[in-house]
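A.B. asks: what follows is a predicted structure for the sequence shown.
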Amino acid sequence: MSYIFNIFDSISPPKVQHCLIFETCFILQRVLNSVQSKPFNCGLDRYDCCRCASRSRPKTTRATKLIPGGRHPSQSQSHMLHLFESYRVESRITSRFCHTTFKSFVVNSGPNAQSIGFHVQIPKRAFITNFTMNVNGVTFVGSVKEKTVARNLYAQARARGKAAGIVRYHKQCDMETFKAEVHVPSGNRIEFELHYQEMMYRKLGLYEHTLHLQPGRLLDVYIYEPNGIASVEVPNTLGEHFTGLAQVTSNKHKAHVVFKPSLKQQRKCDNCTTSALSGIFTVKYDVIRESAAGELHVSDGHFVHFFAPTNLSPLPKNIVFVIDVSGSMWGVKMKQTVEAMQAILDDLTMDDYFSIIDFNHNVRCWSDELVQGSTIQVAEAKKYIQDIKPNGGTNINEALLRAGQILHKAANQGMLNSRSVSMIILVSDGDPTVGEIKLSAIQKNVKKIMREDFSLFSLGIGFDVDYDFLERIATENRGVAQRIYANKDASEQLRRFYSQVSSPLLRKITVLFPEGSVSDVTQNSFDKYFSGSELVVAGKVLPSDGTSLNSFITASSDRLDLSLQTEADYMRLDAELARQQHAFTGFARQMWAYITVNQLLSERSQAPTASRKRKITQRILNLAVEHQFVTPLTALLVESEEANEKLLADSPKDPRKGCCGGSGTVIPERTPMVESPPPWVHVIYLGQLCHYSNSFLWVFCLTVDNDPHFIIHLPKNNMDVCFNIDSKPGHILNLVSDPGTGVVVNGQLVGSKRVGVEKENVKTYFGTISVFSKLDGIMVTVSTDRIQLTDSKHNHSFSWGATADITQDRVKVSIVKDSQVTVTVDEKIRVMMLLHRVWKKHPTSVDFLGLYIPNSNQYSSKAHGLIGQFGQEPEVRVYNLHQGADPLKKEATMEVKGNKLAVTRGWQKDYRRDKKRGSDIFCWFIHNSGKGFIDGHYTTYIVPRLDSFLQRPL
């Protein structure tokens, strides 16, 4: 009986590979002798093995042509009679972290021994975490160890004459390939099981999970997202043959994707024996985002914060495109680059500035300075690109320095918007051959010229380019790198990459936590956030007497300064995960380790000194061993349960530097965690209610009454006056209209549900309230669903689901989660809106807003409106107090504004401190919609739009 583990190492010369294969065969004879009664010998000595390998390997070891069960096509039909019991793939995705398991169980039912291959392609970002084998009842279990330790143990086993073999996985540019081949005698069985883990990265608004399928593989993908799943789709990437065979079932929090075509459905045709199943199976999904502050998940003593805000306006861009036009770009590469650039240039707006540099052995500038992205300039640039003819060498150094000089010139001349994003996008297909060709010198030169607010994005076309170098200079300068495959649709790849960076929404993002609440936090400061992507911060949660963890985010948008807050309960998610059958309960711990290891690998590649590199290396080794990750610095030692048989799974470097170096993840340089918010961040803890003085002038809606009830506090008279407004749903009432300060406050009425009530008895409430600052051109519109901040160009939208502070020019909006919004204009006028939620299935009531406006607001003398007119407090006298028809309510006469009014003593509710029960406010009630107390008739306060000022006189 013989079990051969083939090694197809991309860095080994062919003869070395062949000898290694048969050396493994020779050594593994001892494995067979340990698991069978009859000794086995292949009949060849080592010299014969190597000679045989040199002749036979091209026929028998082409792993890319393995057919179901791992058979080689060179084998005769009589050698293909084994039974392929099962081949299953299962992925469990929990909170964007995925654990995938490949299982294969093979029985050779044929009359002769056969080679069985276990061949798995995994995403290059994934870390293998375990590999186990069961060979006729003998189990081999994997464990991750530091690479030199694993190799030493393996070597010691060989030296002692113990059975030992090597199982390697090597890197390709799309995937990493794990291979093992076993020679299985007739009637014997073998089981393989491979595990790997990866994080789902969001691109263009979707997470994408890919699995490489081969004939016979059946799969299940389970997705669990605590905040809910917005969409799940399975694009048909395997061809029309498999249209409709993937099934998706989902609810709010879970989704299950099943792909299990029968053997008949897998055949290329009804009479074919070959399978059509080969390729990438893709699942795409996105999650529900109710909070602008993102999602904070706490589980297993760790936390993960996901931040992906939407409904923000893009920042202006300043872009210098640097395009390689050397001779190697001739033909399809140049044609596809030109096609992509035509589309990219069309995407520029009038707010964007750009220029183009093309280089070979010389460097040419289409424009020596940035120009506006107008229609005329874009047309001229497209014509310039179209006329490029590739030739000559590659002078990357001079081209990048020239690009940096153009951005510096624009900055020095004051052309750049202080909130804009400046970037260089490099497109190249080869190494430098002209000018400065030393890569370390180029890297140093580029870093020197790039300002802290400039970014470099590198696109490497094909496999002749040193991708590792492009990745380093991009990462070091706050950008990312991506390989463009020339044998695919390169034009579409270029456009897709540009789409990922073409809409920057935020700058200078920092995620903060209360001091003493967390430790070992991953990168928490980011230079930019692009639309459709996601920022992720993870760490450990320190012991605490509290029940929840808070996080604070600060960032800058086009015209906004943001301060956002969210919280997460320490125990809630773990309790929920325990109830989920297919959830990955250890996701938070493993995700933190995954992110940390990848960031450390990136730091290691940029370490300025050997000492620093050694320290980082040790941290990586400790984490990788603890969390069982096979990284470039660790190896998987596979040994039998008795530990007398050992196999080694190693991770050799790709022959062309950077093809798939590291994890394939490009992460900006880490910055130390800041545990406490800076002093300028105003922190409002969730659940904290603001305290107000009693000198308030306010209006609010009461659920038990028909129409809005106004309570006017008159501090000079030391009394409160109440009145109703008898209006209709849809009407917009002017509350404050002040042409002097340019501020207007309006409220739109919403009616109660009309189920079982007469139309004329429909109650009304404030469903939307707006604050418009004409001088700033900014309107804040607060509804029971969202808070919108609108100016002449942009409309920013925020949910009630997160505490936040947003500042634009003189307008500040403060949101307390699911509670209240305060709008402040120029620190002089403040308006607070209180959110009232009702039971969704209530037969009549609806959600509504309460409004509170302080007397301290500094209006001009022109202020008016239902509330604004009382900025100048009128003289009021109440007399003739007597018993009314209701013994609980006294009546009196009020003199105000030259009118004598019959008033009734009653009370209303103030919900600022107690949203459920409120507190009683005693007031004198004015009948007939405030007639005689307000100026004119209430209908004169009805305005056409939410930004309308009141038309005087009344």
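C.D. replies: Alright, I've got the coordinates. Residues are numbered from 1 along each chain as shown.
A.B. asks: C-terminal to the helix or strand where L849 lies, what's the next element?
C.D. replies: Secondary structure assigned from DSSP states H and E places L849 in strand 848-854. Downstream of strand 848-854, the next assigned helix or strand under DSSP H and E is strand 876-883.
A.B. asks: for the helix or strand just after that following strand, list the C-alpha coordinates in PDB.
C.D. replies: Per DSSP H and E, the first helix or strand lying C-terminal to strand 876-883 is strand 890-896. The C-alpha coordinates for strand 890-896 follow below in PDB (Å, rounded to 0.1, in the frame of the first residue of the first chain):
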ATOM      1  CA  LYS A 890     -60.600  77.300  37.000                       C
ATOM      2  CA  GLU A 891     -61.500  80.000  34.500                       C
ATOM      3  CA  ALA A 892     -60.300  83.700  34.200                       C
ATOM      4  CA  THR A 893     -60.000  86.700  31.900                       C
ATOM      5  CA  MET A 894     -56.700  87.500  30.100                       C
ATOM      6  CA  GLU A 895     -55.800  90.900  28.700                       C
ATOM      7  CA  VAL A 896     -53.100  90.600  26.000                       C
END
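A.B. asks: contacting residues around the next helix-or-strand element following strand 890-896?
C.D. replies: As assigned by DSSP H and E, the chain's next helix or strand after strand 890-896 is strand 899-910. Contact with strand 899-910 is made by 698, 700, 702, 709, 711, 722, 878, 884, 886, 889-895, 918-927, 931-933, as judged by C-beta atoms under 8 Å, 6 or more residues apart in numbering. Glycine gets a C-beta too; all of them are placed from N, C-alpha and C.
A.B. asks: got the angle for strand 899-910 vs strand 848-854?
C.D. replies: 120 degrees (axes from the mean of the first three to the mean of the last three C-alpha atoms, to 10 degrees).
A.B. asks: strand 899-910 vs strand 890-896, what angle?
C.D. replies: Counting by the same axes, to 10 degrees, strand 899-910 lies at 120 degrees to strand 890-896.
A.B. asks: partners of strand 899-910, with directions?
C.D. replies: Strands that pair with strand 899-910, judged by DSSP bridges, come out as strand 890-896 (antiparallel), strand 919-926 (antiparallel).
A.B. asks: so for S819, which of those strands sits nearest?
C.D. replies: strand 919-926 (16.5 Å; C-beta to C-beta).
A.B. asks: what angle do that closest one and strand 876-883 make?
C.D. replies: On the basis of the same axes, to 10 degrees, strand 919-926 is oriented at 100 degrees to strand 876-883.
A.B. asks: what lines up beside the helix or strand that strand 919-926 is followed by in the sheet?
C.D. replies: Next in sequence after strand 919-926, counting helices and strands by DSSP H and E, comes strand 942-943. Within its sheet, strand 942-943 is paired with strand 732-738 (antiparallel), according to DSSP bridges.
A.B. asks: what element comes up after the partner strand heading to the C-terminus?
C.D. replies: That would be, after strand 732-738 and using DSSP H and E, strand 743-751.
A.B. asks: elements contacting that next one?
C.D. replies: strand 732-738, strand 764-773, strand 848-854 (3 or more C-beta pairs under 8 Å, 6 or more residues apart in numbering; DSSP states H and E).
A.B. asks: now it against strand 732-738, angle please.
C.D. replies: 170 degrees.
A.B. asks: let's see strand 743-751 as CSV, backbone CA atoms only.
C.D. replies: As requested, the backbone C-alpha atoms of strand 743-751 are provided in CSV (Å, rounded to 0.1, in the frame of the first residue of the first chain):
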residue,chain,number,x,y,z
VAL,A,743,-33.5,81.7,9.9
VAL,A,744,-36.9,80.0,9.4
VAL,A,745,-38.5,77.1,11.3
ASN,A,746,-41.5,75.3,9.8
GLY,A,747,-43.4,72.1,10.7
GLN,A,748,-45.5,69.9,8.5
LEU,A,749,-48.5,68.1,10.0
VAL,A,750,-49.2,64.4,9.6
GLY,A,751,-52.5,62.8,10.4
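A.B. asks: show me what it pairs with in its sheet, parallel or antiparallel.
C.D. replies: Going by DSSP bridges, the partners of strand 743-751 are strand 732-738 (antiparallel), strand 764-773 (antiparallel).
A.B. asks: what's the following helix or strand after the longest one?
C.D. replies: So the one you mean is strand 764-773. Past strand 764-773, the next helix or strand by DSSP H and E is strand 778-783.
A.B. asks: contacts for that following strand next, please.
C.D. replies: Against strand 778-783 from outside (C-beta under 8 Å, 6+ apart): 767-773, 787-791, 808-809, 811, 813, 821, 823, 833, 849, 946-947.
A.B. asks: that'll do, ta.
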